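**Q** sequence-free structure coming up:
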């Protein structure tokens, strides 16, 4: 009798533990790749036009909201994030100097950044708002994608988009009055190839990036084939003229810039997202010439003010070198060496009429070195350990405005006076009430599966013991040669205030140690990224920071792919995971518009070796029935044009079916956001409260 009772109780407990997931029917379809048949039970969830798909999403959200809203930590977390975000000082970014200083300014509690103009970074009182999207069409969901001021500072063109879609149109404003002109140019910006603009010398019009319109291309190609067109002020967009781009790749991503006098215009043309660039230069006669091709491995070009082009080249220099040639007769086959490759990685370059500024990375942290235009080293800008220094803009007198931040110190802006070498803090730096000065930062090296040493940055309150009991939140990215730099975050502030430890990994696939580091984690070597993340996780446990039951991970986009890979490859290693706007079906991602741009980074199923690599780690295809997975919160934006929301829908369906009695698998869908760009401040507060409440509940934090 006792045995029967025990079995009954066990069965009741099992039933109680089952999550009340929506019914998700299997509708199997199969594809064959290079002789390998692959079945897909949830292909139907890709079709958002099918009424059953949004209905399924609403059911998922009802369950997710019910759970998240009931978590005891959530109300206090929401109030804390509201207080931190709504009362934080204004932040300036995306500076442009055109006589006056233009910048985007995020000023809480406003939901979106505004475009402002001021006389100088020291004269904050002169600031004037030019464009405030918070006052346009409801405000919370209208965002500025980017802006470009005319060379004389008389006009400014602004790309704006709605609800995180990144589908931007350009509008022109008169700087003196703030009046918006009648000019409106559609489809200058998109989530696939971005967008750009450059004014002509006279300020009577601008070159801009244009996506196909109307019936120029079939529907499937409207997010591809970006070209350069010209718009004349005072005319309708229908009168705009084609300039260049018919021979660009289908997945071209074009960025435009000019010399300060406007006589030369440069078009940088990326071949998708893999880091390959070609360059076209327009001379004063209006002729365009290709001055560098993809094989030249030039990562960045800067047009000088003294008949020179300075470039960051990776050819025979995976950590970067600086070379130069003339504007009048550019020759990158035989350039002049300015700064040779060193042991550190060059992140970016900029120059004035008098100085060359080179931003170096040292595995994540950075520093700026100052050179003469001929490459003679002059100075190193002083920085604190494990910090980030970024070049912002060259002032009219040749001084450099730069920013500096770290894990423990919020961002500050400084002016570097090139004549004296003196550095002074700019007045646009506010007084911060919130810092992390009570925290300590350690930088440790983890050993990956193949013996590669991988940096891990750890932030925790001073005096925290390594007793294996700390809740740790680990994040990483590892892709597109993107560097994960030290930066101050209110999220870290909240996490360590609740007794947690924050960790950030510099994985292969990023750019922390140059192009070799990037190539060691892309295409057929992508598995190295996941091995690095797993090694960092094991390091945190072995070093006594935490245990498997108190380790969580978070990542988004390519970092969401990372989350999908580690949860399917090592589900035993994590207690909880938050994955937002992630890629999970690696066999079908290239069929989406932005997925096609990703082929140069991830590879294609059309290539046998690349298919083999993709299929070997594709998270969606490696979910196994009956496996004990971590608790997982998936988040996606309905308007995401970079990673289609169906990735999250399919991954959630597969995991919920694989182990309905296991730890919870939730899907959070936002109807007013996309990939993250343009997310309203109020929405960000809600998202952070949800994610942290979920993690803290699963890790047993108060």
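**A** The structure has been received and is ready for your questions. Because the structure is a prediction, the values reported are computed rather than measured. Residues are numbered from 1 along each chain as shown.
**Q** from now on I want contacts and neighbour counts done on CA atoms only, so please keep to that.
**A** Will do.
**Q** doesn't residue 309 fall inside a strand?
**A** Yes: with DSSP: H, G, I helix; E, B strand; the rest coil as the criterion, residue 309 is assigned to a strand.
**Q** so it sits against residue 328, correct?
**A** No: no contact is recorded between residue 309 and residue 328 when judged using CA atoms under 8 Å, the distance being 9.6 Å.
**Q** have a look at these two and say which one is more surrounded.
**A** Comparing residue 309 with residue 328 by other CA atoms under 10 Å, the one with more neighbours is residue 309, at 22 against 12.
**Q** residues near the nearest residue to the more buried one once chain neighbours are set aside, how many?
**A** The shortest distance from residue 309 to any residue other than its chain neighbours is 4.8 Å, reached at residue 303 (CA to CA, 6 or more residues apart in numbering). A total of 23 residues lie near residue 303 under the criterion other CA under 10 Å.
**Q** okay, residue 303: pLDDT?
**A** Among the per-residue scores, residue 303 shows a pLDDT of 96.
**Q** roughly how far apart are it and residue 289?
**A** The spacing between residue 303 and residue 289, counted by CA to CA, to the nearest Å, is 15 Å.
**Q** sketch out the low-pLDDT regions of this structure for me.
**A** Screening the chain residue by residue with the criterion pLDDT under 70, one finds the ranges 1-19, 138-139.
**Q** got the domain ranges for it?
**A** Residue ranges of the domains in the chain are recorded as 31-83+438-699, 347-433, according to automatic domain parsing.
**Q** can you redo these as TSV with mean neighbour count?
**A** Shown next, in TSV, are the domains of the chain (neighbours: other CA atoms under 10 Å):
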stretch	mean neighbour count
domain 31-83+438-699	20
domain 347-433	19
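**Q** could you export these as JSON lines, including distance to residue 320?
**A** Written out in JSON lines, the entries for those read as follows (distance: least, CA to CA, whole Å):
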{"stretch": "domain 31-83+438-699", "distance to residue 320": "7"}
{"stretch": "domain 347-433", "distance to residue 320": "8"}
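**Q** not counting sequence-adjacent ones, nearest residue to residue 557?
**A** Of all residues beyond its chain neighbours, the one nearest residue 557 is residue 582 (4.3 Å), with distances taken as CA to CA, 6+ apart.
**Q** how about the one you found, what does it touch?
**A** For residue 582, the contacting residues are 556, 557, 558, 559, 560, 561, 564, 636, 643, 647, 648, taking CA atoms under 8 Å, 6 or more residues apart in numbering as the criterion.
**Q** which ones among those lie within strands?
**A** Using DSSP state E to define strands, the subset of the contacts of residue 582 located there is 556, 636.
**Q** out of the contacts of residue 582, who's nearest residue 656?
**A** Using CA to CA, residue 648 is the member of the contacts of residue 582 that sits closest to residue 656, with 12.0 Å.
**Q** contact partners for the closest one?
**A** Taking CA under 8 Å, 6+ apart, we find residue 648 in contact with 581, 582, 583, 584, 634, 635, 636, 667.
**Q** would you confirm that the first one contacts residue 639?
**A** No: under the criterion of CA under 8 Å, residue 581 makes no contact with residue 639, lying 10.7 Å away.
**Q** longest single strand anywhere in the protein?
**A** As far as residue count goes, and with DSSP E defining each element, the longest strand of the chain is strand 180-190.
**Q** what's next to that strand, contact-wise?
**A** Applying CA under 8 Å, 6+ apart, the contact partners of strand 180-190 are 145, 159, 165-174, 195-196, 208-213, 223, 233-237.
**Q** same question for stretch 272-279.
**A** With contact meaning CA under 8 Å, 6+ apart, stretch 272-279 is reached by 193, 251-253, 266-271, 290-295, 297-299, 480-481, 596-601.
**Q** if you set the cut-off to 7 Å instead, what comes out?
**A** 251-253, 267-271, 290-294, 297-299, 480, 597-598, 600-601 (CA atoms under 7 Å, 6 or more residues apart in numbering).
**Q** direction included, what does the longest strand of the chain pair against?
**A** strand 168-174 (antiparallel), strand 194-195 (antiparallel) (DSSP bridges).
**Q** deepest-packed of the ones you listed, please.
**A** The highest mean neighbour count among the strands paired with strand 180-190, using mean count of other CA atoms under 10 Å, belongs to strand 194-195: a mean of 23.
**Q** which element follows that one toward the C-terminus?
**A** Moving toward the C-terminus from strand 194-195, the first helix or strand encountered (DSSP states H and E) is strand 197-199.
**Q** mind giving me the packing neighbours of that following strand?
**A** The helices and strands touching strand 197-199, judged by 3 or more CA pairs under 7 Å, 6 or more residues apart in numbering; DSSP states H and E, are strand 205-210, strand 252-258.
**Q** if you set the cut-off to 10 Å instead, what comes out?
**A** strand 142-149, strand 155-162, strand 205-210, strand 227-232, strand 252-258, strand 265-271 (3 or more CA pairs under 10 Å, 6 or more residues apart in numbering; DSSP states H and E).
**Q** partner strands of that strand, with direction?
**A** The partner list of strand 197-199 in its sheet, established with DSSP bridges, is strand 205-210 (antiparallel).
**Q** re the thing from before, what's the angle from the longest strand of the chain to strand 142-149?
**A** 100 degrees (axes from the mean of the first three to the mean of the last three CA atoms, to 10 degrees).
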